[in-house]
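K.L.:
Need coordinates for the following:
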Amino acid sequence: MRRREVPRAVAEMLVAGGVVRFGRFTLSSGIESPFYVDLRAALGAPELMRWVVERYREALSCLQFDVLLGVATGGIPYASVLGYLMGKPVGYVRPEAKGHGAGRQIEGAGVAGARVVVLDDVITTGGSVIGAINAVRDAGGSVVGVVVFLDREQCGARRVEELAGVRVHSVYRVRELLEALRPVIGEEHYRSAVEYASRWGC
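P.N.:
As a prediction, this is how the structure comes out:
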């Protein structure tokens, strides 16, 4: 397993700020989980958001691309900031095309003939990422990679790679993040979340 450190002050902000929460949650995929990771909660904490953005930028540094495309809605704010910092055109992709106006599914930068990175916050089953990849291809672009902050290790990354042929680069895998947060979240939450994550075998 890769070793990804999280400074104690950042770990405390992730938990206190509600980015990482414990309880009973139903994910957008319909799967129930004893923990929830919501990077949108970091948007209200500038210091924490800067830390998240820098981790994303490190992950993006290994990719050669023309356009950065955020997946609605969690990937949009981070794609926007990263595109500005890295001097890259930015767009975002909806789950489906609008039923009014120009009827576009992809907004912002054009992707025809472009090398595109799809960026999202969390990957669980991979469905929304695969939808974004298909939208880029339908619009004439080429997806050279997917970057997410957290891979929940529920087979989404593997599914994207097998079905869409695109590699998923994650800042953290869930068990890495849980290990890094262990001193802050305590043993009960840590063991419950790790046991849940281990069920998936991914």
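
K.L.:
where in the protein is pLDDT low?
P.N.:
1-3, 98-103 (pLDDT under 70).

K.L.:
Which residue is the nearest non-sequential neighbour of the residue nearest the centre of the chain?
P.N.:
The residue lying closest to the centre of the chain (C-alpha atoms, centre = their mean) is Asp121, at 2.3 Å. Of all residues not flanking Asp121 in the chain, Gly74 sits nearest, at 3.5 Å (C-beta to C-beta, 6 or more residues apart in numbering). In this view, the C-beta of every residue, glycine as well, is placed from N, C-alpha and C.

K.L.:
The residue nearest to the centre of the chain reaches Gly75, doesn't it?
P.N.:
Yes. With contact defined as C-beta atoms under 8 Å, Asp121 counts as touching Gly75 (5.9 Å).

K.L.:
for the chain, longest helix please?
P.N.:
Criterion DSSP state H: the longest helix present in the chain is helix 174-198.

K.L.:
Not counting that one itself, show me its contacts.
P.N.:
Residues from elsewhere that reach helix 174-198, judged by C-beta atoms under 8 Å, 6 or more residues apart in numbering: 1-6, 8, 11-12, 14-15, 20, 22, 33-35, 37, 150-154, 172.

K.L.:
Can you list which of these are found in helices?
P.N.:
Using DSSP H, the contacts of helix 174-198 in helices are 8, 11-12, 14-15.

K.L.:
Buried members of these into ChimeraX, please.
P.N.:
To isolate the buried members of those in ChimeraX, using 16 or more other C-beta atoms under 10 Å:
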select :11,14,15
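
K.L.:
one step back: out of the contacts of helix 174-198, which are inside strands?
P.N.:
Judged by DSSP state E, strands contain the following of the contacts of helix 174-198: 20, 22, 33-35, 37, 150-151, 172.

K.L.:
Most widely separated two among those residues?
P.N.:
Phe22 and Asp151 (18.8 Å; C-beta to C-beta).

K.L.:
which among the ones in helices among the contacts of helix 174-198 gets closest to Val146?
P.N.:
Leu14 (22.5 Å).
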